[in-house]
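sharing a model that was predicted from the sequence below.
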Amino acid sequence: MNLGDGPIYAYVGEKLFRITAGNLEEAVVPPTWSAGDCVPIDFPGVGVFAHVKGQIWFRREDSREWHGIAHIKDILSLYSQSPFSIFQVQYNEKTEDIWLMLEDRVMVGRFDQDDEAPAFDYQLAGDVVLHPPTGKILVWSGDALTDQENDTPRPIYSKAGLWEMTANTPTRVPGFQALPRLSGTVPLLSTIFHAPSQATIVSHFDGFAVFDGETLQNLPQFSSEGDRKPFLRKIGGRHILSSWDWLAEITNDLDVRPIPLPQTAKQRVELSYSSKLETFFLHSAGWKTVFASPDLVSFQQVHGDGEPIISVIGEMPGENAVLANSKHKVLLIKHCE
């Protein structure tokens, strides 16, 4: 996947400049751009994109000419996200297929290297799921943050479920036909790439399923008790199922190993990891101490100067240590036995 790291930009008055190799040069911006708008986004090997007032522009790296390639309404307020909160591009040089991924939709099209700009065939709204080994892009069909009659490219409205963003039209993912996970009417996606199995695990309405690059298979062994559904997390190189009052580790063969808690959890449990100390830390607001573990099997209470540690703040910059709090002090944890 090509991610737009790009150059550093700086505003100078009403103009935009880019800083490359210590040199300052005036940036090439779209014709509708004005001071305060977002800076262009470079995707090496593809070109330069920019979104200005809902219009998406493109220019080749070797050209100064901008081309309008898509248009959607953009909103950003205290109460809503912007579709442009995420802006990623994936391009397959062999097939000349191109995907533009936003916060709430994926646009699919073609881009011949001799063309002036990509041509997008359609867009599908929903949460994005990636399968890195194959580069496939899936979408839980859903509602866009904004939707209007003049959106381009043409929006496609598909039945609820998981769809692969294939050329010309989306394709229903074969296998287990899952419905998206919701909180009320709002999609609540949880996904993780599970490196040992080379598969992507996704939450769905009734639990979790796994996409191996070809089909979707249900994972009934991931089912949980209670009303609070777990989330997928990767912590310290481990693949974790994390719920309000319980934790489990996903094994290499996609089984589930419950992680024993050192105390009964009456409030939310929090798991973190220090790469400097190679140690996991477990805490809950209802506990009077923090527990440490090297393996997520056995946990030991953490003490500092004879008193319990009640919270872990984070790793200390420049030191092989973790910053933590006891009831009366701020301490450094330099090793855990």
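Received the coordinates, thanks. Numbering: from 1, shown residues only.

gap between E61 and P44?
Distance, E61 to P44, using CB to CB, to the nearest Å: 8 Å. Yep, even glycine has a C-beta here, placed from its N, CA and C like the rest.

got the contact list for the closest residue to E65 other than its chain neighbours?
Nearest residue to E65 in three dimensions, chain neighbours excluded: R59, at 5.9 Å (CB to CB, 6 or more residues apart in numbering). Residues counted as contacts of R59 (CB atoms under 8 Å, 6 or more residues apart in numbering) are 28, 47-48, 65-67, 117.

ok, now Q113?
Counted by CB under 8 Å, 6+ apart, Q113 has contacts 93, 96.

for it, give its distance to E65.
Taking CB to CB, one finds Q113 at 16 Å from E65.

over to E14?
As for E14, its distance to E65 is 22 Å (criterion: CB to CB).

buried set for stretch 25-42?
Buried residues in stretch 25-42, defined by neighbour count with 16 or more other CB atoms under 10 Å: 27-30, 33, 39-42.

so what pLDDT did G6 get?
We have a pLDDT of 64 for G6.

now do the same contact list for Q123.
Residues in contact with Q123 (CB under 8 Å, 6+ apart) are 70, 72, 105-108, 151, 153-156.

same thing but 7 Å
Going by CB atoms under 7 Å, 6 or more residues apart in numbering, Q123 touches 105-107, 153, 155.

so of the residues you listed, which ones are in strands?
Counting by DSSP state E, the part of the contacts of Q123 found in strands is 105-107, 155.

what about the strands in the stretch 201-337 of the chain?
207-211, 216-218, 231-235, 238-242, 247-250, 256-259, 269-274, 279-284, 291-293, 300-301, 303-304, 307-315, 322-326, 330-333 (DSSP state E, counting those that start in this stretch).

chain center to the fifth one: distance?
With CA atoms, centre = their mean, to the nearest Å as the basis, the distance from the averaged C-alpha position of strand 247-250 to the chain average is 20 Å.

just give me how far whichever strand or helix holds R18 sits from the chain centre.
Take DSSP states H and E as the rule and R18 turns out to sit in strand 15-20. With CA atoms, centre = their mean as the basis, strand 15-20 stands 29 Å off its chain's centre.

run through who's touching stretch 238-258.
192, 194, 196-197, 210, 219, 221-222, 224, 228, 230-233, 259, 265, 268-269, 271, 296.

how about 6 Å then?
194, 196-197, 221, 228, 230-231, 233, 259, 265, 268, 296 (CB atoms under 6 Å, 6 or more residues apart in numbering).

which residues of the stretch 1-150 of the chain score low on pLDDT?
Flagging of the stretch 1-150 of the chain using pLDDT under 70 yields the residue ranges 1-6, 77-80.

now do the strands in it.
For the stretch 1-150 of the chain, applying DSSP E, counting those that start in this stretch gives strands covering 8-12, 15-20, 23-26, 41-43, 47-52, 55-59, 67-71, 87-92, 97-102, 105-110, 119-131, 136-141.

between these, which one is closest to L182.
strand 136-141 (10.0 Å; CB to CB).

tell me the bridge partners for I56.
Here I56 sits in beta bridges with H51, A70, going by DSSP bridges.

my bad, L182
Beta-bridge partners for L182, by DSSP bridges, are P187.

next one, pLDDT for it please.
Reported pLDDT for L182: 83.

follow-up on the earlier one: take the contacts of R59 and write them to CSV, including distance to D206.
Listed next are the contacts of R59 as CSV, based on distance: CB to CB, whole Å:
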residue, distance to D206
V28, 50
G47, 42
V48, 43
E65, 51
W66, 46
H67, 45
A117, 43
